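Enquirer: Got a predicted structure here, sequence first:
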Amino acid sequence: MAVQVVMRITFFLLLTYELAEAPAPIAKPNCSDSCGNIYIPYPFGKTIGCYLNDWFKIVCNETSGSPKAFLPKIGLEVLEINITDPFNDNYFWNDPGLVRVNMPIISSNCKNRSSNHIGGVNISGSPFFFSSYRDRFISVGCDNLAIMTGIDPMVVVGCKSNCVDKSMIEDIKLKHCSGFNCCITTIPSGIQVLNANFRSINEENKASEE
């Protein structure tokens with residue numbers, strides 16, 4: 001079993017309804033409104049007095065050449081901030097905004113990796129949630145049952161991918177994440193804790209037969 005789960009997380013903000021209705025979210029007066037090419041509107045900010053509270057504090061790391069924005073309270077890099085979603089304002093009429101962040105790949109038993117990287121995200125107590133509309137849980141590999149954990153003991157969410165010969169991947173139907181060597185599923189709405197667990201489909205089948 002070779003497993004690699006890629007998670008692109010878009011955090012969903014719940015606190016700033018009034019800001020979402022504003023025509024153009026801006027930074028507070030005398031506050032920097034950018035970190036590299038990342039625009040930073042209020043309630044986010046880089047210095048004391050410029051952000052609403054510590055959850056919205058942005059640290060701009062300029063030591064790597066290209067400036068990168070981080071949310072230190074959750075330890076993730078910020079890729080984009082949209083207080084009002086630009087794609088469909090009508091669909092998001094009751095949604096305050098979106099923050100797209102970069103999360104490391106979660107991997108297990110991959111041939112091209114010297115070690116596993118098992119982890120997840122816990123943002124309990126923060127104003128951020130996963131977006132069921134934007135986020136996707138993707139598992140790359142075969143003979144793989146990838147399960148999201150930490151959601152609810154009574155809820156099991158995940159996907160499975162079967163193995164297929166490499167020559168068949170050239171088939172146009174298998175170039176997409178369709179359950180062969182790759183699977184994809186949505187992430188439940190309103191959650192703040194998400195981890196991943198991997199199991200072999202063959203091992204699961206053997207266990208059920210015993």
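Expert: In hand now; what should we look at? Numbering: from 1, shown residues only.

Enquirer: so how far is P29 from the closest residue to S34 other than its chain neighbours?
Expert: Computed as CB to CB, 6 or more residues apart in numbering, the closest residue to S34 that is not its neighbour in sequence is I40, at 5.9 Å. Bear in mind the C-beta positions are built from the backbone N, C-alpha and C, glycine included. Distance from I40 to P29, counting by CB to CB, to the nearest Å: 14 Å.

Enquirer: neighbour-wise, which of these two wins?
Expert: I40 (23 against 7; other CB atoms under 10 Å).

Enquirer: Next, the contact list for the more buried one, please.
Expert: Shown in contact with I40 (CB atoms under 8 Å, 6 or more residues apart in numbering): A27, S32, D33, S34, K46, I58, A69, I81.

Enquirer: can you redo those residues as a markdown table with secondary structure?
Expert: Listed next are the contacts of I40 as a markdown table, based on DSSP: H, G, I helix; E, B strand; the rest coil:
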| residue | secondary structure |
| --- | --- |
| A27 | coil |
| S32 | coil |
| D33 | coil |
| S34 | strand |
| K46 | coil |
| I58 | coil |
| A69 | strand |
| I81 | strand |
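
Enquirer: Out of those, which is nearest to V99?
Expert: When the contacts of I40 are ranked by distance to V99 (CB to CB), I81 comes first, at 5.3 Å.

Enquirer: The closest one reaches P43, doesn't it?
Expert: No. Using CB atoms under 8 Å as the test, I81 is too far from P43 to be in contact (10.1 Å).

Enquirer: I only care about the contacts of I40 that end up buried; give me the ChimeraX line for that.
Expert: Those of those that count as buried under 16 or more other CB atoms under 10 Å are selected in ChimeraX with:
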select :27,33,46,58,69,81
